[in-house]
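>>> any chance you can model this:
(one chain, ligands or ions: 2)
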Amino acid sequence: LITDEEQARQWLDQYNSLAEHYYSLAEEANWAYETNINPQNQQAQVQASLNRDKFKKEAYDNSTQFDVNSFTNETVKRLFNKMKNIGNAGLSDQTKLNRLTRLLADMKQVYSTGKVPDGDRELVFEPDLTNELANSRDYDRLQFIWKGWRDAVGPTLRDMYKEYVTLKNEAIGELGYNDVGDYWRSWYETPTFEDDLEALWQEVRPMYLELHAYVRRRLGEFYGKDKIDENDPIPAHLLGNMWSQQWNNIYDLVEPFSGKQRIDVTSAMVNKGWDALRMFNESEQFFTSLGLIPMTPDFWRDSMIVRPEGREVVCYASAWDFYNRRDFRIKMCTEVTQDDLQTVHHEMGHIEYFLQYKDQPVPFRDGANPGFHEAVGDCLALSVSTPKHLKEIGLIDGVLQEDDEADINYLMKQALEKIAFLPFAYMMDQWRWKVFDGRITPDNMNQEWWKLRQQYQGIVPPVKRDENDFDPGCKFHIPADVPYIRYFVSFIVQFQFYEAMCDASGHTGPLYKCDFYRSPEAGQLLGDMLKLGSSRPWPEAMEAITGRRAMSAAPLVRYFEPLTTWLRQNNTDSGTKTGWTRFEPWTSSAPK
Ligand SMILES: O=C(CCC(O)(O)[C@H](Cc1ccccc1)NC(=O)c1ccccc1)N[C@@H](Cc1ccccc1)C(=O)O
Ligand SMILES: [Zn+2]
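Ligands and ions are numbered 1, 2, ... in the order given. Model prediction:
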């Protein structure tokens, strides 16, 4: 084994330029495919991905000739330890790796081109199904949309997914991990990761139960108690979102105090003639107001920010690093809605992270952990979504009403987006980890999915489900092979980042009122942490920005404190009980 550390450094330098080369080619081919889905582009994408995998596998094999433990430099050792992080490329059987790579491309195509027949029309996911689920208040129409999407993509994906699980587990097994879940959790470098997550969930669960009970009561008032019994789980299609993951689109049905200023600014955005480009410019302007790095010329020239005419694309939003330190893009089918304004900030948060760590060695061009990458944009969006800021950018007219009732309305809308999300984000990879480690077998994937959906979220499907269905496949990240626990981590740590940046900006008073717009101190605190990339273990990055090393739900609890108090009181006064009884009639494993 080679113990010469200088030789190791030279090897790493050569690795870095080769990695940039192969990663750039693979990203370009993937971009060409996702922005123009057709057989030729899929073939080119598969080939470029296989070339990158071949490079990653060879680099990993070559790296084992070095005696890493004998090295003294921490950074050199950390870089070598990241050589093992090669994912699907661990699959040494080339026929199987080809099959897995094509499966991934095919699953992405099925999901992205899925359509729901509606009379003489075909409804596409974005914007048709998204808008109807957000805006329709017709119980049966919502059920048609909810079922239609699952019928369009679930059954087709089910068998593809089973094969993907087998092949991916084999690939990861060759790297020495027990299964894919074990590999994905290893990125957090935290032996107590699962216990830490459960502790965070238990800390925020009481708040979720109060919100769930309140929303169930208000929906019962609107749709009728015969449709929504106050002891039952909530039918999944009534929550304004295809996966019931966030409930902010039904804010109008659950608004605590009527007659206050509108805080849903979608209509204001439309009335003031905002378009996708305006949304992107507003977002960038917030980032640069903090002294953070602006988007590059390549970004504005080559991003895809609206759904193009006349070709199939992957609409699901994503941010792209082309590993050449100047080309960074967002791909998004932007609609003029407040939801999408939030997503623009989310995606731009990824780009800002790319920009801040672009001069790190390639293996360090990642978030401190995957949850950090997801938290950047959302943390800034917490500031942007304050009524104070929305007024400042012209989306709320007139005098700002800042009385207690207006504040409860605002916190309710934030809770529908942030608190409602936590059980969904937590259960997504609970299900997947069980599929990968065999606790969930191929013939009960759907039933186990709905058991977890009921256990954590207290929702049930509006129509019977069985194992011919594959409802997990109807959420992008599952056929797209994208882990999800990162979003649970993000929705916790983004409040830690937000509180730290608010303190740095000199904010005083309730946390939820903080807008650190134009604060160079807040921007400096965040930027310095982002520059680290994944070069240091994430507790060090957490300490750099918050002064503490652990994840903590305390800032989130502090942020929502006035609402939690109000919800408890309101549920008590109205005799609303929290929780739900186990509910069977809607879920059946009997074949159709
Ligand atoms: O999935 C997303 C946004 C897409 C993304 O930015 O997280 C995207 C997902 C993705 C897509 C394709 C391949 C890999 C991942 N992630 C990125 O574009 C990304 C992430 C890390 C580094 C570089 C790019 N949000 C989640 C959760 C969420 C987050 C914030 C607000 C609402 C909802 C969802 O919609 O369920
Ligand atoms: Zn993201």
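>>> where does whatever residue of the chain ends up closest to ligand 1 land on pLDDT?
As assessed by Cβ to the nearest ligand atom, ligand 1 sits closest to residue 318 within the chain, at 3.4 Å. In this view, the C-beta of every residue, glycine as well, is placed from N, C-alpha and C. For residue 318, the pLDDT comes out at 98.
>>> I'd guessed it sits against residue 328; true?
No - judged on Cβ atoms under 8 Å, residue 318 makes no contact with residue 328 at a distance of 11.7 Å.
>>> neighbour count for the two, which is higher?
The residue with more neighbours, out of residue 318 and residue 328, is residue 328; 25 against 18, by other Cβ atoms under 10 Å.
>>> now the residue of the chain closest to ligand 1: how far from residue 329?
Between residue 318 and residue 329 the computed distance is 9 Å (Cβ to Cβ, to the nearest Å).
>>> can you list phi and psi of residue 66 for me?
Main-chain dihedrals, residue 66, degrees, to the nearest 10: phi -100, psi 140.
>>> so it sits against residue 8, correct?
Yes - between residue 66 and residue 8 there is a contact at 5.3 Å, judged by Cβ under 8 Å.
>>> shared neighbours of these two, anything?
Counting by Cβ atoms under 8 Å, 6 or more residues apart in numbering, the common neighbours of residue 66 and residue 8 are 2, 80.
>>> what bridges to the residue of the chain closest to ligand 1?
Judged by DSSP bridges, the bridge partners of residue 318 are residue 331.
>>> contacts only, for it.
34, 330, 331, 332, 347.
>>> what does the stretch 301-450 of the chain put close to ligand 1?
317, 318, 319, 342, 346, 347, 350, 373, 374, 378 (Cβ under 6 Å from any ligand atom).
>>> quick one: the residue of the chain closest to ligand 1 and residue 341, what's the gap?
For residue 318, the distance to residue 341 - Cβ to Cβ - is 17 Å.
>>> which residues in the stretch 301-450 of the chain form helices?
For the stretch 301-450 of the chain, the helices defined by DSSP state H, counting those that start in this stretch occupy 338-356, 370-384, 387-392, 404-418, 421-437, 445-452.
>>> of all these, which one is nearest residue 552?
Of all the helices of the stretch 301-450 of the chain, helix 370-384 sits nearest to residue 552, with 13.1 Å by Cβ to Cβ.
>>> can you add distance to residue 369 and neighbour count and give the contacts of residue 318 back as CSV?
CSV is the format used below for those (distance: Cβ to Cβ, whole Å; neighbours: other Cβ atoms under 10 Å):
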residue, distance to residue 369, neighbour count
34, 25, 23
330, 22, 24
331, 24, 20
332, 24, 25
347, 19, 24
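>>> ok, of the residues you listed, which one's closest to residue 468?
So of the contacts of residue 318, ranked by how close each gets to residue 468 (Cβ to Cβ), first place is residue 34, at 29.3 Å.
>>> hang on, the earlier thing: now for the helices of the stretch 301-450 of the chain, which one comes closest to residue 160?
It's helix 445-452; of the helices of the stretch 301-450 of the chain, that one is closest to residue 160 (Cβ to Cβ) at 12.6 Å.
>>> which residues touch that closest one?
158, 161, 427, 430-431, 434-435, 440, 460-461, 465-467, 469-472, 587, 589.
>>> now do whichever helix or strand comes after it, average pLDDT.
Where DSSP states H and E defines the elements, the next helix or strand beyond helix 445-452 is strand 459-460. Averaging pLDDT along strand 459-460 gives 96.
>>> helices and strands around strand 459-460, which ones?
strand 234-235 (3 or more Cβ pairs under 8 Å, 6 or more residues apart in numbering; DSSP states H and E).
>>> any regions of the stretch 51-200 of the chain where pLDDT drops low?
Residue ranges of the stretch 51-200 of the chain with pLDDT under 70: none are present.
>>> sorry, back to before: would CSV of the helices of the stretch 301-450 of the chain with mean pLDDT be doable?
Shown next, in CSV, are the helices of the stretch 301-450 of the chain (pLDDT from 0 to 100):
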stretch, mean pLDDT
helix 338-356, 98
helix 370-384, 98
helix 387-392, 96
helix 404-418, 98
helix 421-437, 98
helix 445-452, 96
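>>> and those: which comes nearest residue 61?
The nearest among the helices of the stretch 301-450 of the chain, by Cβ to Cβ, is helix 421-437 at 24.8 Å.
>>> list the buried ones in that closest one?
421-436 (16 or more other Cβ atoms under 10 Å).
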